[in-house]
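Chemist: Coordinates only, no sequence provided:
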């Protein structure tokens, strides 16, 4: 019943004041911080807890917003947490290392079993693979890789293991990693850090496999964001990659797989990635980088970097060092329920920060290969797609030729307007300032300098603002 006096609805006023107080408490518990223009909210940080993975879900048990956190290292190694974001409370904690004793760090990942009504952007719904002959689980249970190279379901109420998946192949001697439902509900997609990416049936038999060491986190592509595949997988090596894989085990897109030489992004140890966007506009893959001091970059469907919380040097030198944005080592990126970008940055043995990106720094640097080790042939070709980066202030192209023959090149803006042209001998390099042309569509064209003698052109693009 509302009380109205003098035209004032006191019930509505009370609700407004209550929500304002609630927001102030939430902001106090989850402060906003920033470095060098990079601003984020701290969703979780507690001394001693170093989650390596986070998943933002609506808990089907009570309908509340939660984080699922997996801790493979340091003081609470082996623990899985369910964290109530609004109340700032760890409401559920299990030590998987005690349930499945072993001498290997895990779990690196943990998922909540969610139903259709509460499905998240990271894994999709588990409803289709729960039941007899499939996974013995209920909404709210936790599924995770165990230290004995199996995947297990942990009963939410009893904290006991109620289902185990043992792969039929010889599992990794280091650790098995991620597990998510297949898009057709006919099995699970799993990653094994030493062995690769697999589709398994519910008895652990292999449906298909991609052999690749350092295969890390896997995510589902939500409807509309596909470039022909269903899953995003990260290859966590020094010169790593992010792949899009279809449900038959084919790699249909990759940051290290240029098309006709166009589009190649060198990634220092990416551990996780997820897809945003739709093909009628553009799709963007958000990638977390462990190496080089940590970073987050966004790559479009043509494998061109659009923005980054990253230093150019870390894409080249690979080493581990703190960045100017206050990041040390990005252990994971993940989509939030609000459609924003979540991340985990290691803060040392006393904790890792689970944050939500609020503002990408205006002043940033990015780099990528527009053309990578391509022989243009005996007839002039112009590489596609053309590209424009009008939101950036400064830019350079570094053109290099790996030989054995020479290469002739021409750079146009809004073809056929001319920017630069010349010849590059085998082993040579040319640097071109493109700062005055970033608001136009740029096109690079090339041809062998000597007919019949192969060349190898690479075009490295560096952008600043």
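Modeler: Received it, and whenever you're ready, just let me know what you need. Source: prediction; values computed, not measured.

Chemist: Name all residues that make contact with residue 271.
Modeler: 216, 217, 234, 236, 288, 289, 290, 330, 331, 332 (C-beta atoms under 8 Å, 6 or more residues apart in numbering). Every residue, glycine included, has its C-beta placed from N, CA and C.

Chemist: Tell me the first helix or strand C-terminal of the helix or strand containing it.
Modeler: In this assignment (DSSP states H and E), residue 271 forms part of strand 270-278. Going down the chain from strand 270-278, the next helix or strand is strand 282-289, by DSSP H and E.

Chemist: could you pull out the strands for the stretch 151-300 of the chain?
Modeler: 151-154, 161-165, 176-181, 188-192, 196-200, 206-211, 215-220, 231-235, 241-245, 251-254, 262-264, 270-278, 282-289, 295-300 (DSSP state E, counting those that start in this stretch).

Chemist: just checking, what packs against the first one?
Modeler: Judged by 3 or more C-beta pairs under 8 Å, 6 or more residues apart in numbering; DSSP states H and E, strand 151-154 is in contact with helix 96-99, strand 142-145, strand 161-165.

Chemist: Any regions of this structure where pLDDT drops low?
Modeler: Flagging of the chain using pLDDT under 70 yields the residue ranges 1-28, 103-104, 118-121, 172-174, 278-281, 292-293, 311-321.

Chemist: Closest to the centroid, which residue in it?
Modeler: In the chain, the centroid-proximal residue (C-alpha atoms, centre = their mean) is residue 273; its distance is 1.5 Å.

Chemist: who does that one bridge with?
Modeler: residue 287 (DSSP bridges).

Chemist: Assess the claim that it and residue 236 are in contact.
Modeler: No. In this structure, residue 273 is not within contact of residue 236 by C-beta atoms under 8 Å, at 10.7 Å.

Chemist: list the contacts for residue 199?
Modeler: Contact partners of residue 199, counting by C-beta under 8 Å, 6+ apart, are 182, 187, 188, 189, 190, 206, 207, 208, 209, 247, 249.

Chemist: What is the nearest of these to residue 95?
Modeler: The nearest member of the contacts of residue 199 to residue 95, counting by C-beta to C-beta, is residue 190 at 22.6 Å.

Chemist: Look up how far residue 285 lies from that closest one.
Modeler: 21 Å (C-beta to C-beta, to the nearest Å).

Chemist: Now do the same contact list for residue 93.
Modeler: So residue 93 contacts 79, 80, 81, 82 (C-beta under 8 Å, 6+ apart).

Chemist: And for residue 251, the neighbour number?
Modeler: Using other C-beta atoms under 10 Å, residue 251 is surrounded by 18 other residues.

Chemist: Beta-bridge partners for the closest residue to it other than its chain neighbours, please?
Modeler: The shortest distance from residue 251 to any non-neighbouring residue, by C-beta to C-beta, 6 or more residues apart in numbering, is to residue 243 (5.0 Å). Residue 243 has these beta-bridge partners by DSSP bridges: residue 233, residue 254.

Chemist: list the contacts for residue 243?
Modeler: So residue 243 contacts 232, 233, 235, 251, 253, 254, 255, 257 (C-beta under 8 Å, 6+ apart).

Chemist: tell me the domain ranges of this protein?
Modeler: What automatic domain parsing lists as the domains of the chain is 32-361, 375-464.

Chemist: Can you get me the start-to-end distance on the last one?
Modeler: End-to-end distance for domain 375-464: 29 Å, by C-alpha to C-alpha, to the nearest Å.

Chemist: now swap in stretch 34-49 and tell me
Modeler: This stretch, stretch 34-49, spans 21 Å end to end (C-alpha to C-alpha).

Chemist: And stretch 154-171, by the same measure?
Modeler: End-to-end distance for stretch 154-171, by C-alpha to C-alpha: 21 Å.

Chemist: picking up where we left off before, could you identify which of the helices and strands packed on strand 151-154 is most buried?
Modeler: Of all those, strand 142-145 carries the top mean neighbour count, a mean of 26, counting by mean count of other C-beta atoms under 10 Å.

Chemist: just to revisit the earlier point, between the contacts of residue 271, which is closest to residue 127?
Modeler: Using C-beta to C-beta as the measure, the one of those that approaches residue 127 most closely is residue 217, at 22.2 Å.

Chemist: Not counting its neighbours along the chain, what's nearest the closest one?
Modeler: Residue 217's closest residue in space is residue 272 (C-beta to C-beta, 6+ apart), at 3.9 Å.

Chemist: Distance of that neighbour relative to residue 462?
Modeler: 25 Å.

Chemist: before we move on, what about residue 374?
Modeler: 19 Å.

Chemist: These two: which is more packed in?
Modeler: Neighbour totals were compared for residue 374 and residue 462, and residue 374 leads with 22 against 18 (other C-beta under 10 Å).

Chemist: Now for the more buried one: which residues touch it?
Modeler: 258, 260, 261, 262, 383, 446, 456, 457, 458.

Chemist: Take these and, keeping just the buried ones, write it as a ChimeraX select command.
Modeler: Restricted to buried positions by 16 or more other C-beta atoms under 10 Å, the ChimeraX selection for the contacts of residue 374 reads:
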select :258,261,262,383,446,456,457,458
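
Chemist: and residue 409, what helix or strand is that in?
Modeler: Assigned by DSSP H and E, residue 409 falls within strand 407-413.

Chemist: Check which helices and strands that strand is in contact with.
Modeler: Identification of packing neighbours for strand 407-413 by 3+ C-beta pairs under 8 Å, 6+ apart yields strand 394-401, strand 417-424, strand 442-448.

Chemist: How far off centre is that strand?
Modeler: Remark: strand 407-413 is offset 34 Å from the chain centroid, using C-alpha atoms, centre = their mean, to the nearest Å.

Chemist: show me the contacts for the closest residue in space to residue 67 that isn't next to it in sequence.
Modeler: In space, and not counting its chain neighbours, residue 67 is closest to residue 83: 4.4 Å by C-beta to C-beta, 6+ apart. Going by C-beta under 8 Å, 6+ apart, residue 83 touches 44, 66, 67, 68, 69, 89, 90, 91.

Chemist: now the residues you listed: which count as buried?
Modeler: Here, 16+ other C-beta under 10 Å leaves 44, 66, 67, 68, 69, 90 buried among those.

Chemist: Could I get the contacting residues of the last one?
Modeler: For residue 90, the set of contacting residues under the criterion of C-beta under 8 Å, 6+ apart consists of 46, 81, 82, 83, 84.

Chemist: circling back: tell me the spacing between the residue nearest to the centre of the chain and residue 203.
Modeler: To residue 203, residue 273 is 29 Å away according to C-beta to C-beta.

Chemist: Also compute the angle for the helix or strand containing residue 354 relative to strand 295-300, please.
Modeler: Assessed by DSSP H and E, residue 354 sits inside strand 352-359. Inter-element angle recorded for strand 352-359 and strand 295-300: 50 degrees (by axes from the mean of the first three to the mean of the last three C-alpha atoms, to 10 degrees).

Chemist: thinking again about what came up before, can you pick out the most distant pair from the contacts of residue 83?
Modeler: Spatial extent of those (C-beta to C-beta) is set by the pair 68 and 89 at 14.2 Å.
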